[in-house]
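# I would like the atomic coordinates for the input below:
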Amino acid sequence: MVYFFSEGELYKMTLEQSQGMFVSVLASSSSGNATYIETPKQKVLVDAGLSGKKLAELMSSINRDLNDVDALFVTHEHSDHIHGVGVLARRYHLDVYANEGTWQAMAPKIGKVALEQQHIFKMGTIMTLGDLDIESFGVSHDAAEPQFYQFHHEDKAFAILTDTGYVSDRVAGTIKDADGYLMECNHDLNMLRNGLYPWSLKQRILSDRGHLSNDDGAETLMEVLGQRTKHVFLGHLSQENNFKDLAHATVTETLRNHDYGVGHDFKIIDTDPAIADPLIKI
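Numbers count the residues shown, from 1 in each chain. Down below sits the predicted model:
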């Protein structure tokens, strides 16, 4: 919103700052995930995998308020994506969007949400809220009906892709040449294979319905990066089987070895389990 003041006072926010699409990855890890997206007419969240109190603190850290958020989009019913959904819906009267399978799976976990706040967002469709178009697409993960989202505002696109065991040609085509990405780099293969997780959990993570490794994330980026791409967030890092520096170095090295202009054509941005990334204009 732009505030005008009389007698030559400055805008609260300049016209340049108020236009366009802005993104902050509030938190991203295997323990909790939430992303904030803002346009001149819409303020939305994707997932709420932390407590309501923590999410309010993260929003405050980027000078935003949960009271101003219009809608919450849920990707799937795992706790690191829905922990705060019920609280936010009740306390802040948020409209919550998810597909039917996800609603059925998460309903017993999030408590009562008013019927008028529950919205079905069918997989593979596009809906419009004000000046924001939201495109849903299915992924391969061990959840009821997992889907992620690509956000479009004017000529800009921001795609979120985490919690998938592999990336199909269909998904890659859907999100190709976006202006910004939140891309999963869940684990380092050697750390996972040699770590303390039981073999059954390792198999789950490594399966086609598990998570992308650092190498998988880099390979996916090579499929989808385009001339428009300027920002790549590396997200959903395992706190047991990965490190920020390792994920960053793996992706950077792989892309540079294939002549991608890391640091020149686009930036790679780390995310954190408990510290919000600053708002970035996409």
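# didn't Y92 look like it was pressed against V69?
Yes. Y92 lies in contact with V69 (C-beta atoms under 8 Å); the separation is 6.5 Å. Any C-beta I mention is one placed from the backbone N, CA and C, and that applies to glycine too.
# Neighbour count: these two, which is higher?
V69 (22 against 17; other C-beta atoms under 10 Å).
# quick one: pLDDT of T162?
On pLDDT, T162 comes in at 98.
# Give me the phi and psi for it.
Dihedral angles of T162 (phi, psi; degrees, to the nearest 10) stand at phi -130, psi 170.
# And for it, the neighbour number?
By other C-beta under 10 Å, the residues close to T162 number 28.
# quick one: it and Q104, what's the gap?
According to C-beta to C-beta, to the nearest Å, T162 stands 22 Å off from Q104.
# what's the answer for P40, then?
35 Å.
# Next, the buried residues of stretch 192-199.
192, 197 (16 or more other C-beta atoms under 10 Å).
# Mind checking the pLDDT average for it?
Rounded mean pLDDT across stretch 192-199 is 97.
# Quick check: what element follows the lengthiest helix in the chain along the chain?
Longest helix of the chain, by residue count under DSSP state H: helix 244-257. Per DSSP states H and E, the first helix or strand lying C-terminal to helix 244-257 is strand 267-270.
# can you give me how far the following helix or strand past that next one is from the chain middle?
Downstream of strand 267-270, the first helix or strand assigned by DSSP H and E is strand 280-281. Distance of strand 280-281 from the chain centroid (C-alpha atoms, centre = their mean, to the nearest Å) equals 14 Å.
# counting contacts, what elements does strand 280-281 pack onto?
Helices and strands touching strand 280-281, by 3 or more C-beta pairs under 8 Å, 6 or more residues apart in numbering; DSSP states H and E, are strand 22-27.
# Any chance you could list what contacts the strand it packs on?
Residues outside strand 22-27 that contact it (C-beta atoms under 8 Å, 6 or more residues apart in numbering): 33-39, 45, 49-50, 54-55, 58-59, 62, 64, 158, 180, 182, 231, 233, 235, 269, 271-282.
# how about it as PDB, C-alpha atoms only?
Extracted in PDB, the C-alpha atoms of strand 22-27 (Å, rounded to 0.1, in the frame of the first residue of the first chain):
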ATOM      1  CA  PHE A  22       8.100  -9.600  -3.200                       C
ATOM      2  CA  VAL A  23       9.100 -12.800  -1.500                       C
ATOM      3  CA  SER A  24      10.500 -13.800   1.900                       C
ATOM      4  CA  VAL A  25      11.200 -17.400   2.800                       C
ATOM      5  CA  LEU A  26      10.200 -17.000   6.500                       C
ATOM      6  CA  ALA A  27      11.500 -20.500   7.400                       C
END
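# what about T271, distance to T35?
In terms of C-beta to C-beta, T271 sits 9 Å off from T35.
# Mind checking which of those two has more residues around it?
Between T271 and T35, counted using other C-beta under 10 Å, the more crowded position is T35 (28 against 24).
# May I have the residues that are in contact with the more buried one?
By C-beta under 8 Å, 6+ apart, the contact list for T35 reads 23-26, 28, 45-47, 160, 182.
# Is it in a helix, a strand, or coil?
What DSSP: H, G, I helix; E, B strand; the rest coil gives for T35 is strand.
# Need the pLDDT of it.
So T35 comes in at 99 (pLDDT).
# I'd assumed H152 was in a strand, is it?
Yes. Assessed with three-state DSSP, H152 lies in a strand.
# Tell me which residues of stretch 216-228 come out buried.
Judged by neighbour count (16+ other C-beta under 10 Å), stretch 216-228 contains these buried residues: 216-221, 224-225.
# so of those residues, which ones are in helices?
Per DSSP H, the subset of the buried residues of stretch 216-228 in helices is 216-221, 224.
# Sort out which one of those lies nearest A247 for me.
The shortest distance between A247 and any of these, using C-beta to C-beta, involves G217 and amounts to 7.6 Å.
# Give the closest residue to the closest one in space, chain neighbours not counted.
Distances taken as C-beta to C-beta, 6 or more residues apart in numbering place C185 nearest to G217, at 4.0 Å, with adjacent residues excluded.
# In contact with the one you found, which residues?
Contacts for C185 (C-beta under 8 Å, 6+ apart) come out as 212-214, 216-218, 234-237, 242, 247, 250-251.
# what's the burial count for the nearest residue to G235 once chain neighbours are set aside?
Leaving aside its sequence neighbours, G235 sits nearest to S28 (C-beta to C-beta, 6+ apart; 3.8 Å). Using other C-beta under 10 Å, S28 has 29 other residues around it.
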